[in-house]
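J.: Need coordinates for the below:
(one chain, ligands or ions: 1)
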Amino acid sequence: MKAAPFEYARAGSIGEACDLLARRGDDAKLIAGGQSLVPMMAMRLLRPSWLIDINEISALKFAAIEKDFARTGACTRQAEIARDDALAVRVPLLRQALAWVGHVQTRNRGTVGGSLAHADPAAELPVVAQLLGARMLLRSSKGTREIEAGEFFTGPMAVAARPDECLEEIRWPIWSEKRAGSAFTEISVRHGDFAMVAAAAQLALDADGKCTRAVLGLGGVGRTPLAFPKIAARLVGTRLEESAVRDAAQAAAAACEPGGDLHASAEYRRHLAGVLAARALRESYEKAKAAA
Ligand SMILES: Cc1cc2nc3c(=O)[nH]c(=O)nc-3n(C[C@H](O)[C@H](O)[C@H](O)COP(=O)(O)OP(=O)(O)OC[C@H]3O[C@@H](n4cnc5c(N)ncnc54)[C@H](O)[C@@H]3O)c2cc1C
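T.: Residues are numbered from 1 along each chain as shown. Below you'll find the model as predicted:
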């Protein structure tokens, strides 16, 4: 099918994009990489009357490291983020997750902000944002505000941004611990497809190999990407013994709310959630132990 007719405007600055959003009303849409929006328009699941193109706004394309967090501009291509060695050291889950996102061609075009704003509960970057507690900077013609991932993702393909707001920047917490490790893993029908279930974890250890900090997240098993701070906190003080890993993974699997579809039943997704959560935790622990 073809998209319904729409008007098109190319914004030259963030201010102009915000003005256009404010003027064009609730059914105007920003277009970044177009990797999700264009197929949805072609299937007529979305019929925006205006498309506001943010691809030419250089101020939305950057990656920078601060003391406690890494900043990425919303319109930075996923491939740029995955290639960035400094980011891979400070926020390793970004590169680890992006290896599972679509294909080279979609990552060359798709943007980090587009993936977060699209908010598919099975998408990889939203899981990373959720478990790390990334912060989203939103801009409108009225001003800016900052919200954490946990408040940003409100449902399947739904976020707390207003129709007149542009996601400007994402702030990814940097862990200061030297002995830290992380892992992202998933099962999908074919590599490059959205995850049937995805799991990610990050751990820090003390000199004796005891866990001092842990986060755990799952994708594809709820209305939003899920993080389990209380369950992960139970791992603190352990050496990720098999029983501790199994308990945490099973508790996370029990807490999620998977749906069923033609690819997998809800029960099978819950089973995968436990298996993958345990795998992500074990892999993170091995990496943390190996870190200097
Ligand atoms: C074949 C194929 C396979 C794919 N596989 C995966 C996969 O495995 N995992 C995965 O996560 N994704 C996958 N995708 C989707 C891809 O990652 C998209 O890049 C991503 O979902 C959207 O990013 P985009 O820049 O293309 O956004 P667009 O498609 O341009 O926009 C998506 C939505 O976000 C909004 N938006 C975009 N930028 C902003 C902004 N700055 N502020 C506010 N709203 C904004 C748009 O208005 C729209 O509603 C796949 C896509 C294809 C075509």
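
J.: hey, let's count contacts and neighbours off CA atoms from now on
T.: Fine.

J.: where in the stretch 1-150 of the chain is pLDDT low?
T.: In the predicted model, the stretch 1-150 of the chain carries no residue with pLDDT under 70.

J.: which of the residues in stretch 178-197 are buried?
T.: Neighbour counts using 16 or more other C-alpha atoms under 10 Å place 179-187, 194-197 of stretch 178-197 among the buried residues.

J.: mind putting the residues you listed in a markdown table, distance to the ligand and pLDDT included?
T.: Below are the buried residues of stretch 178-197 laid out as a markdown table (distance: C-alpha to the nearest ligand atom, whole Å; pLDDT from 0 to 100):
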| residue | distance to the ligand | pLDDT |
| --- | --- | --- |
| 179 | 29 | 97 |
| 180 | 25 | 98 |
| 181 | 22 | 98 |
| 182 | 19 | 98 |
| 183 | 16 | 98 |
| 184 | 13 | 98 |
| 185 | 12 | 98 |
| 186 | 10 | 97 |
| 187 | 11 | 96 |
| 194 | 4 | 87 |
| 195 | 6 | 92 |
| 196 | 10 | 95 |
| 197 | 11 | 97 |
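
J.: Among the residues you listed, which are located in strands?
T.: Residues of the buried residues of stretch 178-197 located in strands (DSSP state E): 180-187, 197.

J.: Stretch 109-119 and the ligand in contact?
T.: Yes. Counting by C-alpha under 6 Å from any ligand atom, the ligand has neighbours in stretch 109-119: 110-111, 113-115, 117-118.

J.: Now do the SS call for the residue lying farthest from the centre of the chain.
T.: Going by C-alpha atoms, centre = their mean, the residue of the chain most distant from its centre is residue 208, 32.0 Å out. The three-state assignment at residue 208 reads coil, by DSSP: H, G, I helix; E, B strand; the rest coil.

J.: Might you report the residue contacts of it?
T.: Residues near residue 208 by C-alpha atoms under 8 Å, 6 or more residues apart in numbering: none.

J.: What backbone torsions are found at it?
T.: The phi/psi pair for residue 208 (degrees, to the nearest 10) reads phi -90, psi 0.

J.: host element of the closest residue in space to residue 115 that isn't next to it in sequence?
T.: Closest residue in space to residue 115, ignoring its immediate chain neighbours: residue 125 at 6.8 Å, by C-alpha to C-alpha, 6 or more residues apart in numbering. Here residue 125 sits within helix 124-132, counting by DSSP states H and E.

J.: Please apply the same query to residue 271.
T.: helix 266-290.

J.: Between strand 180-187 and that helix, find me the angle.
T.: Helix 266-290 and strand 180-187 are oriented at 150 degrees to each other (axes from the mean of the first three to the mean of the last three C-alpha atoms, to 10 degrees).

J.: If you average the pLDDT over helix 266-290, what comes out?
T.: The average pLDDT within helix 266-290 is 97.

J.: what residues does the chain put near the ligand?
T.: Near the ligand, when you scan the chain using C-alpha under 6 Å from any ligand atom, you find 29-37, 74-75, 100-102, 106, 110-111, 113-115, 117-118, 123-124, 166-168, 192-194.

J.: Now intersect the residues you listed with the helices, please.
T.: 37, 106, 113-115, 117-118, 124 (DSSP state H).

J.: If you rank the residues you listed by neighbours, which is first?
T.: Neighbour counts for these, by other C-alpha atoms under 10 Å, peak at residue 124, which reaches 34 neighbours.

J.: who does the helix holding residue 125 touch, helix- and strand-wise?
T.: Applying 3 or more C-alpha pairs under 8 Å, 6 or more residues apart in numbering; DSSP states H and E, we find helix 124-132 packed against helix 92-98, helix 112-118, helix 149-152, strand 166-173, strand 197-205, strand 211-219, strand 226-227.

J.: Nice, that's everything, thank you.
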